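A.B. asks: predicted model and sequence follow; I will ask about them next.
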Amino acid sequence: MLSELLALEKIIEQGAPHLDVRVVRQVQVPAGPSLPIYAIGIGNDAPDIPAVGFFGGVHGLERIGTEVVMAYLQSVVMRLRWDATLHRQLEQVRLVFMPIVNPGGMWSSTRANPRGVDLMRNAPVEAMDRVPLWVGGQRLSAGLPWFRGRAGEPMEEEAQALCEVVEAELLPRSFSLALDCHSGFGVRDRLWFPFAHTRKPIPHLAELHALQEIFLQAHSHHPYVIEPQSAQYLTHGDLWDHLYLQACRNVPTHTFLPLTLEMGSWLWIKKNPRQLFSRWGIFNPLIDHRQQRVLRRHMLLLDFLSRAACSHARWAPATEQRAQRRADALAAWYGDAFD
């Protein structure tokens, strides 16, 4: 059994009285075990309550994303024993966790799932401009990186599982946030928001700008570059573009803000070049004290998002403020491109 799955099941056992747990899918590993994809809910499940979803392990090699989500889940579970303030907060917010979206890829030590499909290139979304070769997604072969799956086929089971949880737990609510934890790009930690398939700004740019502002007010020395993913590169098949577009289409009066934490693993390689010779080392800190530092580094962000969702009515821009907010966001993130 995966050590991460064993650790997750231990947390589930510790938090059992407070957690809503379900197995969304069972994934069969070729010549290996059947592995569960868990979804865990905690807090008020009333439909008028805001929610935050925390996701990790979409890419099987990026274990540090799973570990960040699990560290926050364990913190919440342990604090429930004594933290009266947390209990009051959970009366006003729903927290949802999917720490290991791609257990088969993690078992096989691959970025893709056991069928060779990159789940973050698997959604039915086509880029509107040129994407980088290979990285943007390809349909040639599962034997090559960034394979999207065959055209016309349903999304992979793992991608469907993530979408089903988002559609059930987040999109029906008038306000929700999502954070998907990844690693492997650059030497800086980045917080990306859609779109990945186009350089055009998303409709909820005003809300994202307001969220950034309160984050800067609370954590002025944060380590993140906050930007649209399109500022770096475009891709086909992005799951969060797919879910955001679905929210805009099906529940246009709701606010759904999906974010991606892209931890800069090149910094870990720079500090420890021997990691280049390990498949895991390209995407994860291999030295224990560095891993602990990474986990501590991001707990503030996950806790902030929980609090921000809970108190969204206090910071989300009112109707009369949205135009100015959007103008400020365009100037900050897009320059003159969309004036």
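C.D. replies: That came through, no problem.

A.B. asks: could you find the closest non-adjacent residue to residue 105?
C.D. replies: The shortest distance from residue 105 to any non-neighbouring residue, by C-beta to C-beta, 6 or more residues apart in numbering, is to residue 60 (2.3 Å). In short, each C-beta sits where N, CA and C put it, glycine included.

A.B. asks: try residue 151
C.D. replies: Using C-beta to C-beta, 6+ apart, the nearest residue to residue 151 is residue 139, at 6.0 Å.

A.B. asks: quick one, what contacts the one you found?
C.D. replies: Residues in contact with residue 139, defined by C-beta atoms under 8 Å, 6 or more residues apart in numbering, are 147, 148, 149, 150, 151.

A.B. asks: do you know how far it is from residue 286?
C.D. replies: Using C-beta to C-beta, to the nearest Å, we find residue 139 at a distance of 34 Å from residue 286.

A.B. asks: got it, and residue 117?
C.D. replies: 27 Å.

A.B. asks: those two: who's more crowded?
C.D. replies: Between residue 117 and residue 286, residue 117 has the larger neighbour count (other C-beta atoms under 10 Å), namely 25 against 14.

A.B. asks: the more buried one - that's part of a strand, no?
C.D. replies: No - under DSSP: H, G, I helix; E, B strand; the rest coil, residue 117 falls outside any strand and is assigned coil.

A.B. asks: OK, contacts around the residue lying closest to residue 14 once chain neighbours are set aside?
C.D. replies: Distances taken as C-beta to C-beta, 6+ apart put residue 77 closest to residue 14, at 5.4 Å, once the chain neighbours are dropped. For residue 77, the contacting residues are 11, 14, 15, 18, 19, by C-beta under 8 Å, 6+ apart.

A.B. asks: recalculate using a threshold of 10 Å.
C.D. replies: Residue 77 makes contact with 11, 12, 13, 14, 15, 16, 18, 19, 40, 42, according to C-beta atoms under 10 Å, 6 or more residues apart in numbering.

A.B. asks: hmm, back to that, of the contacts of residue 139, keep whichever come out buried.
C.D. replies: Buried members of these, counted by 16 or more other C-beta atoms under 10 Å: 147, 148, 149.

A.B. asks: and the first one, how far is that from residue 159?
C.D. replies: If I follow you right, that is residue 147. Residue 147 is 13 Å from residue 159, by C-beta to C-beta.

A.B. asks: might one say that residue 300 is in contact with residue 261?
C.D. replies: No - the criterion here is C-beta atoms under 10 Å, and residue 300 misses it with residue 261 at 12.0 Å.
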